[in-house]
Each structure stands twice: as structure tokens, then as C-alpha cells.
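Colleague: sequence below, structure please.
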Amino acid sequence: MQAPVAPKNRLEFLNTRPPPNYVAGLGRGATGFTTRSDIGPARAAPDLPDRSAAAVGAAGPSGVGRGRGKGPGEEEEEEEEAEDKGYDENQKFDEFEGNDVGLFASAEYDEEDKEADAVWDEIDKRMDSRRKDRREARLKEEIEKYRASNPKITEQFADLKRKLVTLSASEWDSIPEIGDYSLRNKKKRFESYVPVPDTLLEKARQEKEHVTALDPKSRAVGGTETPWAQTPDLTAVGEGRGTVLSLKLDRLSDSVSGDAEISDIKKARLLLKSVIQTNPKHPPGWIAAARLEEVAGKIQIARDLIKKGCEECPKNEDVWIEACRLANPDEAKAVIARGVKAIPNSVKLWMQAAKLEHDEANKSRVLRKGLENIPDSVRLWKAVVELANEDDAKLLLQRAVECCPLHVELWLALARLEKYDAAKKVLNKAREKLPKEPAIWITAAKLEEAYGNTSMVGKIIERGIRALQREGVEIDREAWMKEAEAAERAGSVSTCNAIISNTIGIGVEDEDRKATWVADAEECKKRGSIETARAIYTCAIAAFKSKKSVWLKAAQLEKAHGTRESLDALLRKAVTYTPQAEVLWLMGAKEKWLAGDVPSARHILQEAYAAIPKSEEIWLAAFKLEFENNEPERARMLLAKARERGGTERVWMKSAIVERELGNSSEERKLLDEGLKLFPSFFKLWLMMGQLEERLGHLPQAKEAYELGLKQCPSSTPLWLSLANLEERMSGLSRVRAVLTMARKRNPHYPELWLAAIRAESRHGSKKEADILMAKALQECPNSGILWAAAIEMAPRPQRKTKSSDAYKKCEHDPHVIAAIGKLFWHDRKVDKARTWLNRAVTLAPDVGDFWALLYKFELQHGTEDQQKEVLRKCVAAEPKHGEKWQPISKAVENSHQPVEAILKKLVVALGKEEKAAEDNKHQ
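Modeller: The predicted structure is shown next:
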């Protein structure tokens with residue numbers, strides 16, 4: 001007997017390599033397939049064997065028929081070679097990553113990989129954001145450069161198209177019309193003409209015919225029957241229907257619901273009839289039905305309907321009020337009387353009954369009758385109190401607070417009518433009844449302030465806030481600030497201050513207090529609540545005594561809305577706590593000087609110098625005080641001390657100015673030489689040196705000073721302009737061109753240099769050259785307001801409007817362009833527009849005196865005396881320091897101590913002379 005054979009493991013074949021070209025299920029006829037997971041990434045699927053018999057018979061052991069014609073040995077060698085290389089040469093090549101695209105394709109993507117990718121993404125974003133501004137700026141510059149080098153067709157021909165404005169009508173008509181030659185070689189269409197049939201003509205004649213006589217059939221019946229064969233006049237019918245419809249719409253437009261359609265009235269009537277029949281106790285149905293009849297113009301039917309509604313719904317006040325509205329004036333009182341009899345507790349009906357009375361006594365009687373039925377109605381009590389005199393109102397309010405103890409308005413009204421002691425008792429009772437009402441505490445504080453007990457005001461507000469917090473009331477800071485503003489408007493300033501001091505810090509973090517309080521004060525100032533803003537600044541100063549900005553804000557408030565005494569007291573207090581704040585010392589000294597108290601101003605500056613001995617601003621302020629008050633020796637002494645202590649270039653400049661005022665040319669030259677040795681790069685000293693030589697008539701020395709200054713300060717526009725003016729006086733136009741050309745090469749984007757060159761050409765009659773320079777200047781400085789303003793003035797009169805439009809698009813908020821447009825309106829006699837634009841110019845640039853002179857000259861010509869005084873007042877308040885025409889007059893030696901008003905009038909006279917000279921040149 002043979003020994004039993006041990007059973008083999010039936011799953012052993014799963015661990016072995018399948019034979020070549022094995023396809024699962026092929027023996028039982030199943031079709032094999034290969035998925036992506038079988039072949040792996042970037043591998044071609046193997047070729048399946050041919051299932052035909054011939055192919056099976058022809059297949060040999062050598063493995064012919066495998067994919068790509070390779071035997072098994074070759075495939076194994078390729079796989080081993082790929083494993084040695086670390087990649088497969090047959091995989092798809094990636095254009096970005098090359099052959100490394102699949103290097104880690106089979107690796108597992110874990111959390112570390114995810115975290116690393118996130119870090120690199122953040123790095124990429126950060127680097128991209130750092131380069132974003134530069135990239136955008138570079139892109140914008142490239143776009144502008146491209147547009148400048150490749151302008152649109154419309155931009156290239158814009159100047160030519162503008163010239164078409166000058167063409168006359170005859171020149172337009174003489175332009176030849178272009179012919180249409182596109183159909184020359186086309187085959188002409190065949191056009192046939194067919195006669196119109198007689199039937200069509202007869203039908204058209206019948207349609208247009210108007211019959212004015214009756215046919216025999218209609219005569220037989222007396223004209224009462226419309227003949228069937230007659231064609232009506234459809235135009236007349238349409239006009240008649242339109243007239244009727246317009247009449248109906250006009251009638252509906254005056255009704256309550258004018259949007260109702262005429263055709264819908266009957267439908268609405270049927271619908272509302274169904275509503276009131278199915279549910280007669282529904283008040284809105286009766287009201288709607290009555291209003292529909294009112295809209296339809298049937299007022300009596302509306303009254304009957306609402307009367308039935310009152311019978312069906314006697315307890316609804318809206319039905320009675322509607323019935324009262326629809327009733328005749330004589331019957332309205334009877335209707336409302338039946339209503340209050342049916343509903344004696346309706347406040348609406350009693351108020352309506354009072355409105356129907358014309359006599360105040362009758363109104364009061366009706367309201368008191370209503371209070372007998374509704375004693376707790378606040379609305380009725382308020383109405384009856386308003387009609388009563390003071391004594392009766394007091395009695396009524398005493399009864400009202402008994403009936404309505406929880407309404408604070410009645411308590412406060414009674415307290416306002418009572419005297420001091422009685423009012424205090426009333427408010428105490430009100431506080432017992434309404435312990436959570438803050439208005440009672442505020443009224444109590446106002447009462448104490450009204451009777452002069454200001455010391456009690458703060459205590460009452462403080463005690464009230466604590467009591468409200470004990471009752472669980474949340475103290476809303478914004479609401480209490482509004483109450484403070486209301487108290488200020490009522491004249492209770494102490495109450496306003498007490499409210500602010502006790503509530504300003506509630507709900508505000510310590511680090512946010514300063515910013516929040518300053519913002520609150522500025523908002524109150526904008527709303528006109530000056531006392532509230534002052535109280536806020538008082539609290540802020542108490543909390544931040546060493547903060548210069550808070551003191552400065554408070555001082556600005558006092559300067560704008562306070563008195564000189566209050567401002568002086570505040571500044572004295574400010575410099576006590578912040579002695580290093582030189583701006584506060586200077587503000588105090590200036591206010592004393594403006595008030596005419598020069599000794600006090602000197603004393604303040606002496607104290608400031610003791611507190612801040614190294615402050616150059618205080619030295620210069622002291623110099624200005626002495627200089628402006630005609631004390632040159634004091635000013636010279638102060639500047640000498642400042643120079644000894646190592647003053648800056650401003651001290652040397654002021655010293656030279658003093659000597660120039662005194663006429664000491666040698667001392668002025670000496671100071672300028674010393675200053676230039678110490679500060680060779682300060683262009684104003686070089687400018688003053690050249691001006692000194694010009695005044696003395698030493699033109700070559702002046703030229704040398706300007707040239708030396710330009711070597712040290714090549715970007716100084718005033719030096720270039722001064723040298724150009726000197727060359728024009730000495731050598732003429734050719735040298736001016738050379739100087740200004742060199743200046744523009746070194747400073748190509750300085751519009752003042754371009755403008756000087758343009759004006760030089762215009763002065764010498766080279767208008768064409770000036771136009772060319774203006775075009776180049778606007779290309780180099782396309783956003784320069786002074787260039788656009790000059791371009792508007794240079795343009796011919798018909799083209800100025802277009803030029804001003806272009807200038808306004810480029811420089812919308814430039815004061816020079818605004819003033820130039822204002823001058824255009826002025827010349828066109830459009831007075832209101834000119835005034836608006838010139839006012840806008842001085843608002844945009846109040847420091848430029850030229851615009852003030854233009855506005856004042858305009859008002860002298862077209863304005864009233866009050867308007868002229870207002871311009872003078874605003875100009876003096878603005879204290880202009882700059883301006884192309886303002887500075888030569890204000891800085892002249894003879895005008896050194898002149899007030900702003902005098903300089904303004906001198907400039908207006910100079911402008912008038914310039915205009916007259918320009919007119920004379922035009923006529924020559």
C-alpha cells in the first residue's frame with residue numbers, strides 16, 4: 001500500500017512568478033485586461049498574444065511575439081539595468097523636470113513632505129510679495145514708456161483735429177466728397193416695374209374715404225341704426241378712446257390710491273363685497289371697501305359702507321377713525337362721539353375727538369373727559385398739559401405722576417415747573433420710582449447748576465453713576481457723551497463737564513485712552529460742541545501731563561474758540577509740565593506779540609531760553625520779535641550770541657538780512673563770506689551774495705557768485721534762474737538759452753527751468769520756439785501745474801477752453817491750473833464761476849500770495865465791499881509767504897516791515913500794470 005501523499009499548499013502559486021505571456025482566465029475563455037496599477041507609472045502596457053489558432057500554432061518556445069520583439073532574457077536585463085541606474089530610460093520625458101519627473105513617484109507622501117511643501121509655499125509667497133511693488137512699478141513704467149513711444153492714432157492726430165475748429169463753413173463745404181466706386185465692376189441688379197392691380201387701389205381708396213352722409217337704410221330707420229357696410233373712422237375712434245381714458249386717469253390721480261387701474265375697480269368691488277359678506281366682523285374689509293368707493297368717486301356709497309362697518313365692528317377704533325374721516329365736517333363730531341361711547345378706552349379716538357375741536361378750551365375738556373376713562377394714558381396727559389397754563393399744568397402733572405409713576409417724562413416736566421425745593425422733592429420721588437433712569441440724575445445736576453450750586457453737580461453725577469451701576473445698569477459711554485452735548489446746548493456747562501469727567505474713561509483700555517479721547521474731542525469740535533471737547537481735553541491733560549501733543553491740541557482749541565486769557569493760562573500750565581516743548585513756548589510768545597504785549601512776549605522767550613538753552617528756534621523767534629518791532633540792535637545782538645553758540649546756516653542768513661536792512665553792505669558781505677566757509681552747500685547764502693553784488697552794480701562778481709554757488713548746489717533752481725536773468729541783462733537771449741539748456745540737462749524734471757526758457761523766448765518774440773519748448777516741457781513734466789497754466793495763457797483764445805480741459809484732466813487738484821481756469825471764466829465775464837474757481841485755488845494753496853492777489857483784484861472789479869473785506873481778512877489770517885510774484889515784493893528792502901494787507905494791495909497794483917503792458921504789446 002502506497003503511503004499517502006501530503007497535500008500541497010494550494011495558494012503556493014501566488015508567490016511564484018507567472019510564466020511568460022500568461023493571461024488569467026484565458027483557458028476558460030475569459031478576456032484578460034491590464035490596469036494602470038498593473039503596469040506602474042509611465043510604462044506601456046504589454047502586447048496581448050494573438051488568440052487565433054494560427055497564431056497559437058506559430059508561437060514557438062523562443063518567445064517570439066512578445067511586445068517590442070524582445071525575449072524574456074532581454075527584458076530581465078533591461079529591468080536590472082534600470083534598477084542599477086535608478087530610473088527608466090523608456091519613461092516619458094518631462095519638459096520642466098526632465099528625467100527626474102518620476103524619481104519619487106512611488107515614494108509615500110507623509111506629513112513631513114506636506115509640512116515642507118507648506119513652508120516652501122510660504123517662502124514663495126513672501127518673496128513674491130517683496131518683489132510685488134517693484135514688479136508693478138517696473139510694469140507700469142514699461143507700459144507708460146510703450147504708450148509714449150507707440151501712441152494711438154487718435155493721440156497722434158489730436159492737435160491736428162483741434163485745428164479743425166478754425167475752419168469756416170465755406171472751407172468745410174469746399175472739401176470734396178469721396179465717391180463710391182465699390183460697385184463699379186459689379187453687375188447691376190435687374191429692376192422690374194409691375195403695375196398695381198385695380199383691386200388694391202380700390203381697397204386703399206375705401207380705407208381712406210370718410211363718409212359724411214347716411215345711406216338709405218339708415219335713413220329708413222331715422223338714422224338710429226348703424227349701417228353694416230359703412231367703414232368707421234378708426235383714427236377718430238382711437239382719439240376718442242384716448243380722451244376718455246385720460247379723463248379717467250386724471251380723476252384717479254387725485255385719489256388716495258392713484259395706481260389703481262380703471263378696469264380693476266369692478267373686480268376689486270366684487271372681491272371686497274365677497275370679503276365683507278363672508279366675514280362681516282373683519283374691519284380692514286370695510287375700510288378697504290369704503291376707500292375703493294372713495295377712489296371711484298362715490299363718496300356717499302363709501303360713507304354708507306363705513307357706517308355699516310361701524311355697526312358690524314363697533315369695538316374697532318380704526319373703523320371709527322375712517323368713518324370720521326369720510327364724514328361731513330358737521331357730522332364728524334357725532335360720529336366720533338358714537339365711537340368713544342362704544343370704545344371709551346381708546347386713546348386714538350379721544351385724540352381724534354380733540355383734533356376736531358377748534359377752541360383750546362373745548363380740546364382740553366375733551367382730553368380731560370378721556371382721562372376720566374383712561375387715567376394711565378401718557379399721551380393724553382401730555383396733550384392736556386400742553387394746552388394748560390403753568391399753574392394748571394403743575395396741578396395736572398402732579399396728578400399725572402400719580403397715575404403714571406413709571407414715565408420719566410412726566411416727572412421731569414413736573415420738576416422743571418416746580419421751584420428749587422419742591423423740584424428736589426419731585427426728583428427724589430422719581431428716583432425712588434425709577435431707580436434705573438439716568439435722566440433723573442442728570443436733571444438733578446442741571447437743577448443744582450441752575451441755582452448756582454456748581455459744587456454739587458459733580459457729586460450728583462458721580463453718585464448717580466454709582467447708584468446706576470448698583471442697579472445693574474450698563475453705563476454706555478457714547479450715550480453719556482451725547483447727554484453731555486445736550487447739556488452743553490441747554491447751557492449747563494458744569495453738568496457737561498461732570499458727565500465727561502465721570503464717564504470718559506469707561507470701557508477704554510489704558511493704552512488706547514490718549515488716541516480715543518483726542519478723537520472724541522475732535523469729533524465734538526466738528527459738531528460744534530466746544531465745551532464738551534474742552535472737557536475731554538481737560539481729562540486728557542490730567543491723565544497725560546507730559547504729552548506735548550495733547551497740550552498742543554488743547555491750545556489749538558482755545559486759540560480757535562477760546563479767549564486770549566484762557567489760551568495764555570493753558571500755555572502757562574503746559575510749559576510748566578512740558579518745559580522742553582519749544583512749540584508751546586513759541587505759541588505763547590506769539591499770542592502775546594499779536595495782542596500787542598511785546599514785553600510779555602520777550603519775557604516768555606527768556607523763560608524758554610532758560611528751559612531750552614540750545615534751541616535755535618527760540619533764538620530765531622526772539623530775533624524776529626525784535627526785528628519786526630524795529631529793534632535792529634537787539635536783533636543783531638541776539639544773532640551774534642547765536643553765532644557764538646554755533647548756530648546753523650539759518651542764523652547766518654538772518655544775520656545777513658539784518659545787515660541788509662540796515663544798509664551795511666560791508667558787514668553783510670563779511671557775514672556771507674563767513675557763512676559760506678562754514679556752509680558752502682546752503683544755496684540761499686550764494687543767492688544773497690549774488691543779489692548783494694547786483695545791488696551794488698557789480699554784475700561780473702554777481703555772475704561769479706552764482707556760478708560758484710551752482711558748483712556747490714547744481715540742483716538749486718533759484719540759482720539757475722538768477723544766473724539766467726543776469727545773463728539776459730548782460731548778454732541777451734543767446735546766453736540765456738545756453739544757461740537754461742545746461743540747467744535742464746542737469747535737472748530735466750524741474751518745470752520752473754522749462755518755464756523760464758519758454759518765457760525768455762516769448763519776451764524776445766520767438767513764439768514758435770516758445771511753443772516747441774512748451775511741447776517738450778509737457779512731455780518731460782506732464783503733471784506740472786505751472787506749465788499747464790502757462791500753456792493755457794499761451795494758447796490762442798479759441799483753443800484755451802480745450803487746453804484748460806486737458807490741463808484739468810492732468811492736474812485736477814493743482815492750484816495753478818485752478819487759478820488759470822478761474823481767470824478764463826473771469827475774462828469771459830462768468831463772474832460766479834470765476835469766483836468759485838479762484839476761491840478753490842486759495843483754499844488749495846493758502847500760502848501762495850499770488851492767488852490771494854488774483855482773488856482780491858477780482859473782487860475789487862466784480863465784488864461788493866463785504867466780499868473784499870472778507871478776502872482781506874482771510875489773506876491776513878493765512879499769512880502767505882510764497883508766490884512767484886509775491887516774494888519779490890514782500891522781500892524787497894522797502895517792504896520788509898509791511899503788513900500782509902499792504903503787500904497784497906501792492907501786488908494787485910503790479911498785476912494791473914502787467915496786464916496793461918501786455919495789452920499795449922498786443923496793439924503794437
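
Colleague: pLDDT below threshold where in the stretch 101-250 of the chain?
Modeller: Along the stretch 101-250 of the chain, segments meeting pLDDT under 70 span 101-107, 177-250.

Colleague: do that again at 80, thanks
Modeller: The stretch 101-250 of the chain contains residues with pLDDT under 80 at 101-109, 128-133, 148, 151-250.

Colleague: any low-confidence regions in the stretch 551-700 of the chain?
Modeller: 594, 614, 628-632, 645-647.

Colleague: now the helices for it?
Modeller: Applying DSSP state H, counting those that start in this stretch to the stretch 551-700 of the chain gives helices spanning 564-577, 582-594, 598-611, 616-628, 632-644, 649-662, 665-678, 683-695, 699-712.

Colleague: relative to residue 874, which of the ones you listed is closest?
Modeller: With CB to CB as the criterion, residue 874 lies closest to helix 582-594 of those, at 16.7 Å. For the C-beta atoms, the positions are set from N, CA and C on the backbone; glycine is no exception.

Colleague: elements contacting that closest one?
Modeller: helix 548-561, helix 564-577, helix 598-611, helix 616-628 (3 or more CB pairs under 8 Å, 6 or more residues apart in numbering; DSSP states H and E).

Colleague: and the ones you listed, which is most packed in?
Modeller: Counting by mean count of other CB atoms under 10 Å, helix 616-628 has the highest mean neighbour count of the helices and strands packed on helix 582-594, with a mean of 20.

Colleague: now do the longest helix along the chain: distance to the chain's middle.
Modeller: Longest helix in the chain, counting residues (DSSP state H): helix 900-923. Chain-centre distance of helix 900-923: 39 Å, with CA atoms, centre = their mean, to the nearest Å.

Colleague: before we move on, what about stretch 822-837?
Modeller: Counting by CA atoms, centre = their mean, stretch 822-837 comes out at 27 Å from the chain centroid.

Colleague: ends of that stretch, what's the gap?
Modeller: End-to-end distance of stretch 822-837: 5 Å, with CA to CA, to the nearest Å as the criterion.

Colleague: contacts only, for the spatially closest residue to residue 464 that is not a sequence neighbour.
Modeller: Excluding the flanking residues, the one nearest residue 464 by CB to CB, 6 or more residues apart in numbering is residue 441, at 3.0 Å. Under the criterion of CB atoms under 8 Å, 6 or more residues apart in numbering, the neighbours of residue 441 are 431, 460-461, 463-465, 467-468.

Colleague: what is the neighbour count of residue 25?
Modeller: 10 (other CB atoms under 10 Å).

Colleague: where does it land in three-state SS?
Modeller: Secondary structure for residue 25, judged by DSSP: H, G, I helix; E, B strand; the rest coil, is coil.

Colleague: what residues does the helix or strand hosting residue 386 touch?
Modeller: Applying DSSP states H and E as the criterion places residue 386 in helix 378-387. Helix 378-387 is contacted from outside by 347, 350-351, 354, 360, 363-364, 367-368, 370-371, 374, 393, 396-397, 400, 403-404, 407, 409-410, 413, using CB under 8 Å, 6+ apart.

Colleague: dead centre of the chain: give me the residue that sits there.
Modeller: Central residue of the chain (CA atoms, centre = their mean): residue 813, 14.7 Å from the mean position.

Colleague: ok, the closest residue in space to that residue that isn't next to it in sequence - contacts?
Modeller: Closest residue in space to residue 813, ignoring its immediate chain neighbours: residue 844 at 6.5 Å, by CB to CB, 6+ apart. Residues near residue 844 by CB under 8 Å, 6+ apart: 813-815, 818.

Colleague: if we can go back for a sec, part of a strand, is the residue nearest to the centre of the chain?
Modeller: No: assigned with three-state DSSP, residue 813 falls outside any strand and is coil.

Colleague: pLDDT score for it?
Modeller: On pLDDT, residue 813 comes in at 88.

Colleague: what does it show for phi and psi?
Modeller: phi -110, psi 20 (degrees, to the nearest 10).

Colleague: now do residue 848
Modeller: The phi and psi values for residue 848, taken as degrees, to the nearest 10, are phi -100, psi 110.

Colleague: isn't it up against residue 879?
Modeller: No: the criterion here is CB atoms under 8 Å, and residue 848 misses it with residue 879 at 11.7 Å.

Colleague: still on that earlier bit, the residue nearest to the centre of the chain and residue 315, how far apart?
Modeller: Separation of residue 813 from residue 315 (CB to CB, to the nearest Å): 68 Å.

Colleague: cool, and residue 893?
Modeller: Counting by CB to CB - residue 893 and residue 315 are separated by 97 Å.

Colleague: alpha carbons only: can I get stretch 504-516 in CSV?
Modeller: Provided in CSV are the C-alpha atoms of stretch 504-516 (Å, rounded to 0.1, in the frame of the first residue of the first chain):
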residue,chain,number,x,y,z
ILE,A,504,-14.9,109.4,29.6
GLY,A,505,-12.7,106.5,30.8
ILE,A,506,-15.4,103.9,31.0
GLY,A,507,-14.8,101.0,28.6
VAL,A,508,-11.5,102.3,27.3
GLU,A,509,-8.2,100.4,27.6
ASP,A,510,-5.3,102.3,29.2
GLU,A,511,-3.1,102.1,26.1
ASP,A,512,-6.0,103.4,23.9
ARG,A,513,-7.0,106.3,26.1
LYS,A,514,-5.0,109.1,24.5
ALA,A,515,-5.9,108.3,20.9
THR,A,516,-9.6,107.7,21.8
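
Colleague: who has more neighbours, residue 848 and residue 879?
Modeller: Set side by side, residue 848 and residue 879 show unequal neighbour counts under other CB under 10 Å, the larger going to residue 848 at 24 against 10.

Colleague: ok, now which ones touch that one?
Modeller: 815, 842, 880, 882-883, 886.

Colleague: repeat that for residue 847.
Modeller: Counted by CB under 8 Å, 6+ apart, residue 847 has contacts 878-882.

Colleague: what do you get if the cut-off is 6 Å, keeping everything else the same?
Modeller: 880-882 (CB atoms under 6 Å, 6 or more residues apart in numbering).

Colleague: ok, back up a step: okay, buried residues for the helix holding residue 386 please.
Modeller: 380-385, 387 (16 or more other CB atoms under 10 Å).

Colleague: rebuild these as a markdown table, extending it with pLDDT and distance to residue 554.
Modeller: Listed next are the buried residues of helix 378-387 as a markdown table, based on pLDDT from 0 to 100; distance: CB to CB, whole Å:
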| residue | pLDDT | distance to residue 554 |
| --- | --- | --- |
| 380 | 79 | 50 |
| 381 | 80 | 46 |
| 382 | 80 | 43 |
| 383 | 81 | 47 |
| 384 | 79 | 49 |
| 385 | 80 | 44 |
| 387 | 77 | 48 |
